[in-house]
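Chemist: My questions are about this predicted structure, shown below with the sequence.
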Amino acid sequence: MINDIKEVLFTEDKIAKKVQELGKLISEDYKGEDLFIIGVLKGANVFLSDLIRKITVPVTIDFMAVSSYGSYTESSGVVKIIKDLDFSIENKNILIVEDIIDTGLTLKYLRENLITRGPKSIKICSLLDKPERRKADIKIDYIGFEIPDEFIVGYGIDYAEKYRNLPFIATLKQEVYE
Ligand code: IMP
Ligand code: MG
């Protein structure tokens, strides 16, 4: 697995510091409020697990699983909900937690879907952002790191379901795709 790595972009330590910063910021912004966090499976799972332990306001967590039709390079913008929330979000402060925002099409769909359920507020937090590939106009309220248009893995993020358990975020060698 390690032999497939081209370059480490963010070390375990660097990620931990960023997660701490984001947790502090979120805790300040929601002071005196409760927060309902929605994790987008499976990629955001590792990030969410670390992030919630850096948040000091009361938190409820729930998960959604979505799949976008089309391949990675040609996201269609049509999203299917594979697993919906367990709880109602009516009148709740919602924070959607994602691993990467790429075209933004998944999040745009998800956000619009959740708004119809009557939340009190809705914000988005993503560990990584690839602004170069954006197709949907979507505001991300909390961003960990901006990255160039390169395919990355690790810290919960996969290529063909592999590499999620790497503790750092890295690019893959080209021959891995071939
Ligand atoms: P989009 O913003 O709708 O294009 O989709 C974002 C989703 O695509 C992310 O949540 C990831 O699951 C996946 N994705 C985008 N870029 C990468 C990458 O570099 N590595 C692994 N998955 C990625
Ligand atoms: Mg994802």
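Modeler: Thanks, I have the structure now. Ligands and ions are numbered 1, 2, ... in the order given.

Chemist: mind checking which helix or strand residue 119 is in?
Modeler: Of the helices and strands defined by DSSP states H and E, none includes residue 119.

Chemist: Repeat that for residue 95.
Modeler: Per DSSP H and E: strand 93-101 holds residue 95.

Chemist: Of all the residues in the protein, which one is nearest ligand 2?
Modeler: Ligand 2 sits closest to residue 43 of the chain, with a gap of 3.7 Å, by CB to the ion. Any C-beta I mention is one placed from the backbone N, CA and C, and that applies to glycine too.

Chemist: Now that residue. Nearest residue, chain neighbours left out?
Modeler: residue 99 (3.5 Å; CB to CB, 6 or more residues apart in numbering).

Chemist: quick one: that neighbour from residue 125, how far?
Modeler: The gap separating residue 99 from residue 125 is 11 Å, by CB to CB, to the nearest Å.

Chemist: Residue 30 now?
Modeler: Relative to residue 125, and taking CB to CB, residue 30 is found at 11 Å.

Chemist: returning to what we had before: the residue nearest to residue 43 touches residue 154, doesn't it?
Modeler: No. Counting by CB atoms under 8 Å, residue 99 does not reach residue 154; the two are 10.2 Å apart.

Chemist: at contact distance from ligand 2, anything in the lowest-mean-pLDDT helix or strand in the chain?
Modeler: Lowest by mean pLDDT, DSSP states H and E among the helices and strands of the chain is strand 79-83, with a mean of 91. No. Strand 79-83 is not in contact with ligand 2 by CB under 5 Å from the ion; minimum separation 10.9 Å.

Chemist: near ligand 2, which residues of the chain?
Modeler: With CB under 5 Å from the ion as the criterion, the chain comes near ligand 2 at residues 43, 99.

Chemist: same for the longest helix along the chain, what does it pack against?
Modeler: Determined from DSSP state H, the single longest helix within the chain is helix 12-29. Packed against helix 12-29, as judged by 3 or more CB pairs under 8 Å, 6 or more residues apart in numbering; DSSP states H and E, are the following elements: helix 45-52, strand 121-129, strand 142-146.

Chemist: follow-up on the earlier one: what's the least confident helix or strand of the chain in contact with?
Modeler: Under the criterion CB atoms under 8 Å, 6 or more residues apart in numbering, residues 41, 63-69, 105-106, 109-110, 113 lie in contact with strand 79-83.
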